[in-house]
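> I would like to see how this sequence folds:
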Amino acid sequence: MKSITVSLILGGLLAATGLAADDKPAWPQINGPFGNYNPRRYGCALVDDLTQAKAVWTSEDADLGYGKSSSGGGLGPRSVWPGHPGAANSIIAAEGKVFASSFRGVGEAYAEAFVARAVKENYPPDRVERLKKIALIDAEDTTVAIDQTTGKTVWKATEPGGFNRAMGKRFGWFVSPAYHDGRVYALSTMGQLFCYDAKDGRKLWTVDVEPMRGKFLAEKKACLEKKELAAGGQWVSLIVADGVVVVPVMGTVGDYDGSLRGVDPGTGKTLWDLKGMTSQGATPAVWTHQGRQYVLSATGGQHGKRLTGKLMLTDPKTGKILWTVDGLSNTHFPLAPSDKHVLVNVGSKTDQETTKWPWMLLGCYELSLTGAKLTWTMPDEQDFWHEPMYEASDWRKYLMREGKVYYYSGTGNLAGSGKVVFSLLDEETGRVLLQKKFDGSNWNSVPMIQQSYLIEDRMLTIPNASHTNIEFFLWDIDPKNFRLLSEWKPPHQGTTGYNIFMEFAYVDGRVFIRALDGTVRCYDLRKP
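Residues are numbered from 1 along each chain as shown. Predicted coordinates:
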């Protein structure tokens, strides 16, 4: 049975901070309030020097887990993080709270191969016992609401019968929750969709997402019999478009066909099912047109074959596919449309030598309800190519705001022999407004490469978002004075995913970030 822990929040305090519930949630899903990773603009002035950012609070709850572990396998005896694995889900924000979902291992059954390795190599008994707890097979799914002002736990829901889908360097469970109209939706590690009241955590309904639920039950049974952990992961998150909850319907590892399901937010009833709608890592975007929201999604294309990807626009109310663009290359990354355009991978005419897969090259499509028209393509040359291998092809590639495209490209596995190029382009024409080039020989020497946010009149970048040594860089984005303002390493060890990064929530000058110790941290970037 679900347990709920409630701490009282002073109504006057919420009113004073302006964070009370309203109809404009700050960061209701993984791709933000507009479905394209751009936050709302609050008009607040931000510091120029990030070292002046203030640590406001560390969450009372410290149970989210560490998400990604190391390249040594994560659960191996030489690479054990503190705490427990947990999901690599992003946090969301609404109603003066931040929400997060994860899992934690429970029970007695564990992955015995890891422990046998530790015993064989004569690791200390305490390390062996620690490894047993990290390698538990059974789990509980958790969803927590945290007060944005204090970091105190408002409520926490715990669901039994989950699955420890711990990750090492790669894979893992990346299925972030979503908020809509006073409710929070979370997908469990065993294929159940939960709906909670955002105010107090009451569970309003639960539905089994079939056939995913049945496949996961069989997968877990096999792991318990063999004393193994789940392999691989799931990388598409929940979104809400035009009042419909859009759920990724996944199978077991290697059996993900990119299905999407529309679900009634009030009852959990299935409204429609569509197959082949997205690809690993590519959480659908929400495109707003004439006051209505639509689901914009792209597929990855079949590996080894050129130009088999698709771009699709779907009416979330009916599940009707309004149009399809065929002949694209592998678009595994999340889309970030503006109100007029979206960029997808059209594929370079030049193949990467090692894989014979075309370099990633972005093309801009003009969007309408009747179709999409290719308006321009980035120059087919190295400065605009991006690494097509799966470790890099899932990363978010660009942002668009106020007629400009913010894009970084990289070749040579990005870090190593290659270089990284940042380009600012005109959205309407593709004209290059400015470029900055960086040596890609070291991850930490590149101030922009993986993850970026446009907040107020600044750009905040996390160059090494795929590792836990997270560092932030702040940029003045005025094209006439585009420059690096400051860099900053937060006073906590960050955590993240690998192919898919944990997105943080931005609310009125503050950022909310998950940490390696299973907590959420709040930092204030506003000028005093």
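> Stretch 297-307: end-to-end distance?
16 Å (CA to CA, to the nearest Å).
> Can you list the low-confidence ranges for the stretch 251-400 of the chain?
Filtered on pLDDT under 70, the stretch 251-400 of the chain yields the residue ranges 252-257, 301-306, 355.
> Which residue ranges of it form strands?
In the stretch 251-400 of the chain, the strands defined using DSSP state E, counting those that start in this stretch lie at 259-263, 270-274, 285-289, 292-298, 309-314, 321-328, 341-345, 362-367, 372-377, 398-401.
> In a markdown table, list the ones you listed along with distance to Phe473 and mean neighbour count.
Every residue, glycine included, has its C-beta placed from N, CA and C. Shown next, in a markdown table, are those (distance: least, CB to CB, whole Å; neighbours: other CB atoms under 10 Å):
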| stretch | distance to Phe473 | mean neighbour count |
| --- | --- | --- |
| strand 259-263 | 35 | 22 |
| strand 270-274 | 39 | 16 |
| strand 285-289 | 25 | 20 |
| strand 292-298 | 29 | 23 |
| strand 309-314 | 32 | 24 |
| strand 321-328 | 32 | 15 |
| strand 341-345 | 23 | 25 |
| strand 362-367 | 23 | 22 |
| strand 372-377 | 29 | 16 |
| strand 398-401 | 15 | 20 |
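> Save the ones you listed as JSON lines, and put in distance to Leu484 too.
Below are the strands of the stretch 251-400 of the chain laid out as JSON lines (distance: least, CB to CB, whole Å):
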{"stretch": "strand 259-263", "distance to Leu484": "39"}
{"stretch": "strand 270-274", "distance to Leu484": "43"}
{"stretch": "strand 285-289", "distance to Leu484": "29"}
{"stretch": "strand 292-298", "distance to Leu484": "32"}
{"stretch": "strand 309-314", "distance to Leu484": "34"}
{"stretch": "strand 321-328", "distance to Leu484": "34"}
{"stretch": "strand 341-345", "distance to Leu484": "25"}
{"stretch": "strand 362-367", "distance to Leu484": "24"}
{"stretch": "strand 372-377", "distance to Leu484": "28"}
{"stretch": "strand 398-401", "distance to Leu484": "17"}
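> Lys527: which of these is closest?
Nearest to Lys527 among the strands of the stretch 251-400 of the chain is strand 398-401 (21.7 Å), distances taken as CB to CB.
> And that closest one, how far out from the chain middle?
With CA atoms, centre = their mean, to the nearest Å as the basis, strand 398-401 stands 16 Å off its chain's centre.
> Check stretch 403-413 too.
Taking CA atoms, centre = their mean, one finds the center of stretch 403-413 at 19 Å from the center of the full chain.
> For the remainder of this discussion, apply numbering that starts at 243.
Right, with 243 as the first residue, what we last looked at is stretch 645-655.
> Can I get that stretch in CSV? Just the C-alpha atoms.
What follows is stretch 645-655, C-alpha atoms only, in CSV (Å, rounded to 0.1, in the frame of the first residue of the first chain):
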residue,chain,number,x,y,z
GLY,A,645,14.4,33.9,-34.4
LYS,A,646,17.8,32.4,-33.5
VAL,A,647,19.1,28.9,-33.5
TYR,A,648,21.7,28.0,-30.8
TYR,A,649,23.6,24.9,-32.0
TYR,A,650,26.8,23.1,-31.2
SER,A,651,28.4,20.4,-33.4
GLY,A,652,31.2,18.0,-32.9
THR,A,653,33.1,15.3,-34.7
GLY,A,654,35.7,12.7,-33.6
ASN,A,655,33.6,11.4,-30.8
